[in-house]
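# Mind looking at a prediction? Sequence and model below.
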Amino acid sequence: KMEEFLNFKQLKTSLKEAILLDYYTAGFWWAKEMNFSLIQLSGFMDLLNFLLENLSDKHMTLGDNLKELGKAMAGIGETDSERSGDLYFFSIEQAKAVIDYLNISLFKHYKLYEYLFHSRREELVMSNE
């Protein structure tokens, strides 16, 4: 289902599509295991996509992307609706868990994702199997 949703057409021959499918699927199941509500799950998946787009499309450095994460998480736990951010539906404990997850899944491997998105490479496909 995730493959269809992401509109991946070359999953069997594209290393990039396979890696992204694995990343989004792992993130989805982690959020499900955290018992996130539907809106929290949607917000979390949007956050995953936002951070990967910052890396792939905007060529953001690790530091800049961490700053963007900080901006996105700002205001969580605030009672004043004007000060709460887009991710207001997360509790402080959930926000900490999200940051921990992003640290182990994306930020620790940032150089690998930079290589995936920005390095030219030949893909030799021997067979479809």
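Thanks, I have the structure now.
# Can you point out the buried residues in stretch 88-98?
By neighbour count on 16 or more other C-beta atoms under 10 Å, the buried set for stretch 88-98 is 90, 94, 97, 98. In short, each C-beta sits where N, CA and C put it, glycine included.
# and what of stretch 97-110?
97, 98, 101, 102, 106, 110.
# Tabulate the buried residues of stretch 88-98 in JSON lines, adding columns for secondary structure and distance to residue 53.
Formatted as JSON lines, these follow (DSSP: H, G, I helix; E, B strand; the rest coil; distance: C-beta to C-beta, whole Å):
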{"residue": "90", "secondary structure": "coil", "distance to residue 53": "20"}
{"residue": "94", "secondary structure": "helix", "distance to residue 53": "23"}
{"residue": "97", "secondary structure": "helix", "distance to residue 53": "22"}
{"residue": "98", "secondary structure": "helix", "distance to residue 53": "17"}
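# for the residues you listed, which one is nearest residue 67?
Closest approach between the buried residues of stretch 88-98 and residue 67, by C-beta to C-beta: residue 98, at 16.1 Å.
# I figured that closest one hits residue 44, correct?
Yes - counting by C-beta atoms under 8 Å, residue 44 is a contact partner of residue 98 at 6.4 Å.
# Can you get me a residue count around residue 66?
Residue 66 has 17 neighbours, counted by other C-beta atoms under 10 Å.
# OK, contacts around it?
Going by C-beta atoms under 8 Å, 6 or more residues apart in numbering, residue 66 touches residue 107.
# Ramachandran coordinates for residue 23?
For residue 23, the backbone dihedrals (degrees, to the nearest 10) come out as phi -60, psi -50.
# So what's the residue count around it?
When neighbours are defined as other C-beta under 10 Å, residue 23 has 17 of them.
# Ok, residue 70 next?
Residue 70 has 10 neighbours, counted by other C-beta under 10 Å.
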